[in-house]
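Enquirer: Just a sequence and a predicted model for now, questions to come.
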Amino acid sequence: MDRTYAALGAKFKDIAQAYEVLSDPDKRDLYDQFGEDALKEGGFPGGGGGHDPFDIFSSFFGGSSPFGGGGSSRGRRQRRGEDVVHPLKVTLEDLYNGTSKKLSLSRNVLYSKCNGKGSKSGASMTCSSCQGSGMKVSMRQLGPGMIQQMQHPCNAG
(Lines give C-alpha, C1' and ligand atoms only; values in the text may rest on other atoms or scores of the structure.)
Protein backbone atom coordinates (compact mmCIF):
# COMPACT_ATOMS: atom_id res chain seq x y z
CA MET A 1 0.00 0.00 0.00
CA ASP A 2 2.87 2.40 0.84
CA ARG A 3 4.48 1.71 -2.55
CA THR A 4 1.23 2.64 -4.29
CA TYR A 5 1.11 6.00 -2.49
CA ALA A 6 4.78 6.61 -3.22
CA ALA A 7 4.21 5.87 -6.92
CA LEU A 8 1.16 8.15 -6.99
CA GLY A 9 3.13 10.90 -5.24
CA ALA A 10 5.94 10.61 -7.78
CA LYS A 11 3.45 10.68 -10.66
CA PHE A 12 1.72 13.75 -9.19
CA LYS A 13 5.09 15.49 -8.87
CA ASP A 14 5.81 14.76 -12.55
CA ILE A 15 2.40 16.10 -13.58
CA ALA A 16 2.86 19.25 -11.47
CA GLN A 17 6.28 19.88 -13.04
CA ALA A 18 4.87 19.39 -16.54
CA TYR A 19 2.01 21.79 -15.78
CA GLU A 20 4.46 24.37 -14.47
CA VAL A 21 6.39 24.24 -17.77
CA LEU A 22 3.27 24.32 -19.95
CA SER A 23 1.66 27.19 -18.04
CA ASP A 24 4.71 29.49 -18.25
CA PRO A 25 5.37 30.69 -21.83
CA ASP A 26 9.07 31.34 -21.13
CA LYS A 27 9.68 27.89 -19.65
CA ARG A 28 7.62 26.31 -22.42
CA ASP A 29 9.71 27.98 -25.13
CA LEU A 30 12.91 26.95 -23.34
CA TYR A 31 11.68 23.34 -23.14
CA ASP A 32 10.57 23.33 -26.78
CA GLN A 33 13.95 24.59 -27.95
CA PHE A 34 16.37 22.76 -25.67
CA GLY A 35 14.46 20.02 -23.86
CA GLU A 36 14.24 19.03 -20.23
CA ASP A 37 17.98 19.41 -19.60
CA ALA A 38 17.76 23.19 -20.11
CA LEU A 39 15.14 23.42 -17.37
CA LYS A 40 17.18 21.29 -14.98
CA GLU A 41 20.28 23.42 -15.55
CA GLY A 42 18.24 26.53 -14.79
CA GLY A 43 17.04 25.08 -11.49
CA PHE A 44 13.66 23.52 -12.26
CA PRO A 45 11.44 24.37 -9.29
CA GLY A 46 9.61 21.32 -7.96
CA GLY A 47 6.36 23.01 -7.06
CA GLY A 48 7.83 25.73 -4.85
CA GLY A 49 8.03 29.45 -5.33
CA GLY A 50 4.43 30.22 -4.55
CA HIS A 51 3.05 27.82 -7.17
CA ASP A 52 -0.02 25.92 -6.07
CA PRO A 53 0.40 22.32 -7.32
CA PHE A 54 -3.39 21.86 -7.25
CA ASP A 55 -3.86 24.56 -9.90
CA ILE A 56 -3.52 21.80 -12.49
CA PHE A 57 -6.77 20.28 -11.23
CA SER A 58 -8.49 23.65 -11.40
CA SER A 59 -7.70 23.89 -15.08
CA PHE A 60 -8.91 20.37 -15.86
CA PHE A 61 -11.79 19.91 -13.40
CA GLY A 62 -13.16 23.44 -13.13
CA GLY A 63 -11.82 24.32 -9.69
CA SER A 64 -12.20 21.00 -7.90
CA SER A 65 -9.68 18.30 -7.18
CA PRO A 66 -10.50 14.73 -8.22
CA PHE A 67 -9.46 13.73 -4.69
CA GLY A 68 -12.20 15.86 -3.12
CA GLY A 69 -11.80 18.93 -0.95
CA GLY A 70 -12.86 21.46 -3.57
CA GLY A 71 -9.35 22.55 -4.60
CA SER A 72 -8.28 26.16 -4.75
CA SER A 73 -10.91 28.87 -4.69
CA ARG A 74 -8.60 31.67 -5.79
CA GLY A 75 -9.61 33.55 -8.90
CA ARG A 76 -7.26 33.86 -11.82
CA ARG A 77 -5.09 36.92 -11.42
CA GLN A 78 -4.09 38.98 -14.39
CA ARG A 79 -0.34 39.03 -14.86
CA ARG A 80 1.15 42.38 -13.81
CA GLY A 81 3.54 44.30 -15.97
CA GLU A 82 6.96 45.34 -14.73
CA ASP A 83 7.22 48.17 -12.21
CA VAL A 84 8.11 51.55 -13.67
CA VAL A 85 11.25 53.05 -12.14
CA HIS A 86 12.12 56.66 -12.83
CA PRO A 87 14.89 58.60 -11.05
CA LEU A 88 13.84 61.85 -9.41
CA LYS A 89 16.42 64.18 -7.90
CA VAL A 90 15.56 65.63 -4.50
CA THR A 91 17.73 67.18 -1.85
CA LEU A 92 17.97 66.05 1.75
CA GLU A 93 16.35 69.36 2.71
CA ASP A 94 13.39 68.58 0.40
CA LEU A 95 12.98 65.19 2.05
CA TYR A 96 13.10 66.69 5.52
CA ASN A 97 10.79 69.65 4.89
CA GLY A 98 8.57 68.03 2.30
CA THR A 99 8.08 69.33 -1.22
CA SER A 100 6.03 68.79 -4.35
CA LYS A 101 7.67 67.77 -7.62
CA LYS A 102 6.09 67.24 -11.02
CA LEU A 103 6.94 64.08 -12.89
CA SER A 104 5.90 63.43 -16.47
CA LEU A 105 5.97 59.86 -17.82
CA SER A 106 5.08 58.39 -21.19
CA ARG A 107 3.60 54.93 -21.56
CA ASN A 108 2.38 52.77 -24.39
CA VAL A 109 -1.35 52.13 -24.55
CA LEU A 110 -3.44 50.00 -26.89
CA TYR A 111 -4.92 51.86 -29.83
CA SER A 112 -8.67 51.94 -29.18
CA LYS A 113 -9.73 51.19 -32.77
CA CYS A 114 -7.89 47.87 -33.03
CA ASN A 115 -7.03 47.02 -29.39
CA GLY A 116 -3.39 46.58 -30.36
CA LYS A 117 -4.11 43.86 -32.94
CA GLY A 118 -3.17 45.96 -35.97
CA SER A 119 -6.48 45.57 -37.78
CA LYS A 120 -10.12 46.42 -37.36
CA SER A 121 -12.37 44.06 -35.45
CA GLY A 122 -13.55 41.29 -37.77
CA ALA A 123 -10.76 41.80 -40.32
CA SER A 124 -8.67 38.71 -40.91
CA MET A 125 -4.90 38.70 -40.52
CA THR A 126 -2.50 35.82 -41.03
CA CYS A 127 -0.31 35.09 -38.02
CA SER A 128 3.34 35.66 -38.92
CA SER A 129 4.47 33.01 -36.43
CA CYS A 130 2.40 30.02 -37.68
CA GLN A 131 1.13 31.36 -41.05
CA GLY A 132 -2.45 30.87 -39.86
CA SER A 133 -2.21 27.13 -39.19
CA GLY A 134 -2.56 27.53 -35.43
CA MET A 135 0.37 25.18 -34.83
CA LYS A 136 4.11 25.78 -34.56
CA VAL A 137 6.70 23.14 -35.37
CA SER A 138 10.09 23.09 -33.68
CA MET A 139 12.98 20.71 -34.24
CA ARG A 140 15.76 19.70 -31.91
CA GLN A 141 18.83 17.61 -32.66
CA LEU A 142 19.13 14.79 -30.14
CA GLY A 143 22.36 13.35 -31.43
CA PRO A 144 24.14 12.38 -34.63
CA GLY A 145 21.43 11.52 -37.15
CA MET A 146 18.59 11.93 -34.64
CA ILE A 147 16.16 14.85 -34.77
CA GLN A 148 13.07 15.38 -32.64
CA GLN A 149 10.22 17.31 -34.24
CA MET A 150 7.57 18.76 -31.92
CA GLN A 151 4.27 20.39 -32.79
CA HIS A 152 2.54 22.70 -30.33
CA PRO A 153 -0.27 25.28 -30.43
CA CYS A 154 0.70 28.78 -31.53
CA ASN A 155 -0.02 31.34 -28.82
CA ALA A 156 1.20 34.37 -30.79
CA GLY A 157 -2.11 35.59 -31.92
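Expert: Great, that's in hand. Residues are numbered from 1 along each chain as shown.
Enquirer: any weak-confidence spans in the chain?
Expert: 1-2, 41-80, 110-126, 157 (pLDDT under 70).
Enquirer: any idea where the helices of it begin and end?
Expert: 2-23, 25-34, 36-41, 55-61, 92-97 (DSSP state H).
Enquirer: Out of those helices, which gets nearest to residue 135?
Expert: Nearest to residue 135, of all these, is helix 25-34, at 12.3 Å by Cβ to Cβ. Heads up, the C-betas are built off the backbone N, CA and C, glycines and all.
Enquirer: residue contacts, residue 33?
Expert: 138, 140 (Cβ atoms under 8 Å, 6 or more residues apart in numbering).
Enquirer: Please work out how many residues are found near residue 127.
Expert: Neighbourhood size, residue 127 [other Cβ atoms under 10 Å]: 13.
Enquirer: Quick check: residue 20 touching residue 27?
Expert: Yes. At 7.0 Å, residue 20 counts as touching residue 27 under the criterion of Cβ atoms under 8 Å.
Enquirer: And the two? Which one has more around it.
Expert: Taking other Cβ under 10 Å, residue 20 and residue 27 do not tie; residue 20 has more neighbours (22 against 17).
Enquirer: Let's have the helices of the chain in JSON lines, adding distance to residue 81.
Expert: Shown next, in JSON lines, are the helices of the chain (distance: least, Cβ to Cβ, whole Å):
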{"stretch": "helix 2-23", "distance to residue 81": "19"}
{"stretch": "helix 25-34", "distance to residue 81": "15"}
{"stretch": "helix 36-41", "distance to residue 81": "25"}
{"stretch": "helix 55-61", "distance to residue 81": "22"}
{"stretch": "helix 92-97", "distance to residue 81": "29"}
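Enquirer: Give me the distance between the two termini of stretch 87-96.
Expert: 19 Å (Cα to Cα, to the nearest Å).
Enquirer: sorry, back to before: which of the helices of the chain sits closest to residue 131?
Expert: Short answer: helix 25-34, nearest of these by Cβ to Cβ, at 17.7 Å.
Enquirer: need the contact list for the residue lying closest to residue 32 once chain neighbours are set aside.
Expert: Using Cβ to Cβ, 6 or more residues apart in numbering and skipping residues adjacent in sequence, the residue nearest residue 32 is residue 138, 4.9 Å away. Listed by Cβ under 8 Å, 6+ apart, the contact set of residue 138 reads 32-33, 149-150, 152.
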